[in-house]
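# A predicted structure for the sequence below; I have some questions about it.
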Amino acid sequence: MSNRNSIAYSQRGSKTTKPISEAPYSVQLVWRYANSVGAAIVRVKEHKIRHEHIRGKTFDGMHQGHVSVYTPIKNPTKKLWFKKLLGIAENNSSMQIFEVPKGSFDLSEVVEVINQAEVYGG
């Protein structure tokens, strides 16, 4: 998940992510907010800009500017695998990944796209 230009956070951390508890407090607050509205993955890209909404077999993806928010759909036709079958939207509906650039980024932009994803629905 992480590369040299970004940091990925997960609940407990892994070989490729850091625990969200080690993130700056502002990032932790956005994680909690994203979790409260049902987002599973939030990515903030430093350079890539997208403006689209896509519906996949597992997630709705809301892409605005540098931010992508993935919300589990209610009846996925494909289960989500990382290293194991997670059963997103069944028994594990919490935030999974928050990937952010190592440099500065606009947290208000992230919150706005999370709001749009929540309004659009999953």
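Good, I have the coordinates. Numbering: from 1, shown residues only.

# quick check, Gln11 in contact with Lys18.
No. Using Cβ atoms under 8 Å, Gln11 makes no contact with Lys18, being 10.8 Å away. Just so you know, the C-beta spots here come from the backbone N, C-alpha and C atoms, and that holds for glycine as well.

# show me the shaky parts of the protein.
Where the chain drops to pLDDT under 70, the residues are 1-3, 80-93, 120-122.

# going along the chain, name the strands of this structure.
Assigned by DSSP state E, the strands in the chain fall at 6-10, 18-19, 41-44, 50-55, 59-65, 67-72, 97-101.

# the longest helix in this protein is where?
When the chain is scanned for its longest helix (criterion: DSSP state H), the result is helix 107-120.

# buried ones in that helix?
Leu107, Val110, Val113, Ile114, Ala117, Glu118 (16 or more other Cβ atoms under 10 Å).

# please tell me how far the fourth one sits from Arg4.
Spelled out, that is Ile114. 26 Å (Cβ to Cβ, to the nearest Å).

# still on that earlier bit, let's have the strands of the chain in TSV, adding mean neighbour count.
Shown next, in TSV, are the strands of the chain (neighbours: other Cβ atoms under 10 Å):
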stretch	mean neighbour count
strand 6-10	19
strand 18-19	14
strand 41-44	23
strand 50-55	11
strand 59-65	20
strand 67-72	25
strand 97-101	22
